[in-house]
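# take a look and give me a structure for this.
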Amino acid sequence: MTVKVIGLIELTDQNAFEQYRSKVGQTLELYKGSIENRGSITEIFWNELNCARFSAFVELTFPSQEDAKAWAHSPEYQALVAIRNTAMKLTLFAVTI
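I've put the predicted structure just below:
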């Protein structure tokens, strides 16, 4: 079963984002993850859940829920959280395919 981790992103600091982006891929590889897609939001058709504003997204893939959880809570990724918190506001969730 493939697990997708989706991030809804509102950038707050471009320089911090570039620093985060240059390092996050290495943490994913350690936990069998990869970046499948990323991009800018061009239009929101409905927002009935009243989600906070976001302007970009990322789609990650992991072979299992356990790998995704291990990555999210790993010391390697946690070391980037302070940079991430400067770079963006983030909603991150997993879905199974």
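# strands of the chain, start to end?
3-11, 34-40, 56-62, 88-96 (DSSP state E).
# quick one: which of these is nearest residue 82?
The closest of the strands of the chain to residue 82 is strand 88-96. By CB to CB, the value is 12.2 Å. (Glycine included, C-beta is placed from N, CA and C.)
# buried sites along that closest one?
Neighbour counts over strand 88-96 (16 or more other CB atoms under 10 Å) mark 88, 90 as buried.
# what separates that strand from the chain centre, distance-wise?
Strand 88-96 sits 6 Å away from the centroid of its parent chain (CA atoms, centre = their mean, to the nearest Å).
# use 31 as the first number for this chain going forward.
Fine by me, first position is 31 from now on; the one you just mentioned is strand 118-126.
# name the helices or strands packed onto that strand?
In this structure, strand 118-126 packs against strand 33-41, helix 95-102, with contacts taken as 3 or more CB pairs under 8 Å, 6 or more residues apart in numbering; DSSP states H and E.
# got a list of contacts for the last one?
Meaning helix 95-102. 31, 33, 35, 57-58, 60-63, 90, 92, 107, 122, 124, 126 (CB atoms under 8 Å, 6 or more residues apart in numbering).
# now with 7 Å?
33, 35, 57, 58, 61, 62, 63, 92, 107, 124, 126 (CB atoms under 7 Å, 6 or more residues apart in numbering).
# show me what the longest helix seen in the chain is packed against.
For the chain, the longest helix by residue count, based on DSSP state H, is helix 44-60. Applying 3 or more CB pairs under 7 Å, 6 or more residues apart in numbering; DSSP states H and E, we find helix 44-60 packed against strand 64-70, helix 105-108, helix 111-117.
# give the buried residues for the second one.
Translated: helix 105-108. Applying a neighbour-count criterion of 16+ other CB under 10 Å, one finds residue 107 buried in helix 105-108.
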